[in-house]
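>>> this one's sequence-less:
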(Lines give C-alpha, C1' and ligand atoms only; values in the text may rest on other atoms or scores of the structure.)
Protein backbone atom coordinates (compact mmCIF):
# COMPACT_ATOMS: atom_id res chain seq x y z
CA UNK A 1 0.00 0.00 0.00
CA UNK A 2 1.09 3.54 -0.71
CA UNK A 3 -1.11 5.92 1.28
CA UNK A 4 -1.34 9.60 0.42
CA UNK A 5 -0.15 10.52 3.91
CA UNK A 6 1.09 8.36 6.76
CA UNK A 7 2.26 9.01 10.29
CA UNK A 8 4.39 6.84 12.51
CA UNK A 9 4.70 7.67 16.19
CA UNK A 10 8.14 8.57 17.49
CA UNK A 11 8.36 5.43 19.63
CA UNK A 12 7.82 3.28 16.52
CA UNK A 13 10.26 4.96 14.13
CA UNK A 14 12.27 1.73 14.03
CA UNK A 15 9.82 0.38 11.42
CA UNK A 16 10.99 3.03 8.93
CA UNK A 17 13.68 1.62 6.66
CA UNK A 18 15.47 3.16 3.71
CA UNK A 19 13.45 1.20 1.13
CA UNK A 20 10.05 1.19 2.88
CA UNK A 21 8.10 0.96 6.11
CA UNK A 22 8.27 -2.45 7.79
CA UNK A 23 4.97 -2.38 9.65
CA UNK A 24 1.66 -0.64 9.96
CA UNK A 25 1.65 3.15 10.23
CA UNK A 26 -0.20 4.61 13.21
CA UNK A 27 -2.26 6.93 11.02
CA UNK A 28 -3.08 6.72 7.32
CA UNK A 29 -4.82 9.49 5.37
CA UNK A 30 -6.25 8.90 1.91
CA UNK A 31 -7.61 11.65 -0.33
CA UNK A 32 -10.48 10.15 -2.29
CA UNK A 33 -10.92 10.56 -6.01
CA UNK A 34 -13.52 9.14 -8.34
CA UNK A 35 -11.06 6.55 -9.64
CA UNK A 36 -9.83 5.38 -6.20
CA UNK A 37 -12.79 5.85 -3.84
CA UNK A 38 -14.00 2.25 -3.89
CA UNK A 39 -10.45 0.91 -3.53
CA UNK A 40 -9.74 3.26 -0.61
CA UNK A 41 -13.06 2.65 1.19
CA UNK A 42 -13.14 -1.14 0.84
CA UNK A 43 -9.85 -2.80 -0.09
CA UNK A 44 -7.41 -0.49 1.64
CA UNK A 45 -9.62 -0.25 4.71
CA UNK A 46 -9.64 -4.05 4.98
CA UNK A 47 -5.84 -4.27 4.66
CA UNK A 48 -5.17 -1.39 7.06
CA UNK A 49 -7.56 -2.93 9.57
CA UNK A 50 -6.01 -6.39 9.25
CA UNK A 51 -2.46 -5.16 9.77
CA UNK A 52 -3.06 -2.86 12.72
CA UNK A 53 -3.30 0.74 11.50
CA UNK A 54 -4.60 2.64 14.52
CA UNK A 55 -6.52 5.27 12.60
CA UNK A 56 -7.60 5.82 8.99
CA UNK A 57 -8.86 9.16 7.67
CA UNK A 58 -10.73 9.45 4.37
CA UNK A 59 -10.67 12.97 2.95
CA UNK A 60 -13.45 13.45 0.39
CA UNK A 61 -12.98 16.62 -1.70
CA UNK A 62 -16.33 16.15 -3.49
CA UNK A 63 -18.38 15.85 -0.30
CA UNK A 64 -15.97 18.17 1.60
CA UNK A 65 -15.85 15.72 4.49
CA UNK A 66 -13.28 13.91 6.57
CA UNK A 67 -14.26 10.47 7.82
CA UNK A 68 -12.26 9.25 10.81
CA UNK A 69 -12.04 5.50 11.34
CA UNK A 70 -10.45 4.33 14.58
CA UNK A 71 -9.39 0.92 15.81
CA UNK A 72 -12.09 -0.45 18.09
CA UNK A 73 -12.17 -4.11 19.18
CA UNK A 74 -9.52 -5.04 16.62
CA UNK A 75 -10.93 -3.37 13.51
CA UNK A 76 -11.36 0.08 11.98
CA UNK A 77 -14.77 1.58 12.68
CA UNK A 78 -16.17 4.98 11.79
CA UNK A 79 -15.69 7.33 14.75
CA UNK A 80 -17.13 10.34 12.94
CA UNK A 81 -17.75 12.14 9.66
CA UNK A 82 -16.90 15.83 9.81
CA UNK A 83 -17.93 18.69 7.52
CA UNK A 84 -16.94 22.33 7.02
CA UNK A 85 -17.57 24.24 10.23
CA UNK A 86 -16.63 21.18 12.30
CA UNK A 87 -13.36 19.94 13.73
CA UNK A 88 -12.23 16.43 12.84
CA UNK A 89 -10.67 14.83 15.87
CA UNK A 90 -8.65 11.73 16.45
CA UNK A 91 -9.40 9.08 19.06
CA UNK A 92 -5.89 7.62 18.77
CA UNK A 93 -4.12 10.98 19.00
CA UNK A 94 -6.14 13.30 21.28
CA UNK A 95 -4.10 16.38 20.33
CA UNK A 96 -4.83 15.91 16.61
CA UNK A 97 -7.68 18.19 15.61
CA UNK A 98 -8.29 19.55 12.12
CA UNK A 99 -10.63 22.35 11.07
CA UNK A 100 -12.39 20.72 8.11
CA UNK A 101 -13.23 24.01 6.40
CA UNK A 102 -9.56 24.98 6.27
CA UNK A 103 -8.68 21.71 4.52
CA UNK A 104 -11.01 22.53 1.64
CA UNK A 105 -10.51 26.33 1.54
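Arrived safely. All values derive from a computational prediction rather than experimental measurement. Numbering: from 1, shown residues only.
>>> Which residues belonging to the host helix or strand of residue 68 are considered buried?
In the assignment (DSSP states H and E), residue 68 maps to strand 65-72. Neighbour-count burial for strand 65-72 flags 65, 66, 67, 68, 69, 70, 71 (criterion: 16 or more other C-beta atoms under 10 Å). From N, CA and C alone the C-beta is placed, and that goes for glycine too.
>>> next one: whatever helix or strand comes next after it to chain centre, how far?
The C-terminal neighbour of strand 65-72 among helices and strands, as given by DSSP H and E, is strand 75-83. With C-alpha atoms, centre = their mean, to the nearest Å as the basis, strand 75-83 stands 10 Å off its chain's centre.
>>> secondary structure class for the spatially most distant residue from the centre of the chain?
Relative to the centre of the chain, the most outlying C-alpha is that of residue 18, 22.8 Å out, by C-alpha atoms, centre = their mean. At residue 18 the chain is in coil, as set by DSSP: H, G, I helix; E, B strand; the rest coil.
>>> Could I get the buried residues of strand 65-72 in a markdown table, plus columns for distance to residue 103?
Output for these, formatted as a markdown table (distance: C-beta to C-beta, whole Å):
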| residue | distance to residue 103 |
| --- | --- |
| 65 | 10 |
| 66 | 7 |
| 67 | 13 |
| 68 | 13 |
| 69 | 17 |
| 70 | 19 |
| 71 | 23 |
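>>> Taking those together, which two end up most distant?
Across the buried residues of strand 65-72, the longest distance by C-beta to C-beta is 20.5 Å; it joins 65 and 71.
>>> where do the strands sit along this structure?
Along the chain, counting by DSSP state E, strands occupy 5-7, 27-31, 55-60, 65-72, 75-83, 87-89, 97-99.
>>> For the last one, which strands pair with it and how are they oriented?
If I follow you right, that is strand 97-99. strand 87-89 (antiparallel) (DSSP bridges).
>>> How far off centre is the partner strand?
Centroid separation between strand 87-89 and its chain, computed with C-alpha atoms, centre = their mean, is 13 Å.
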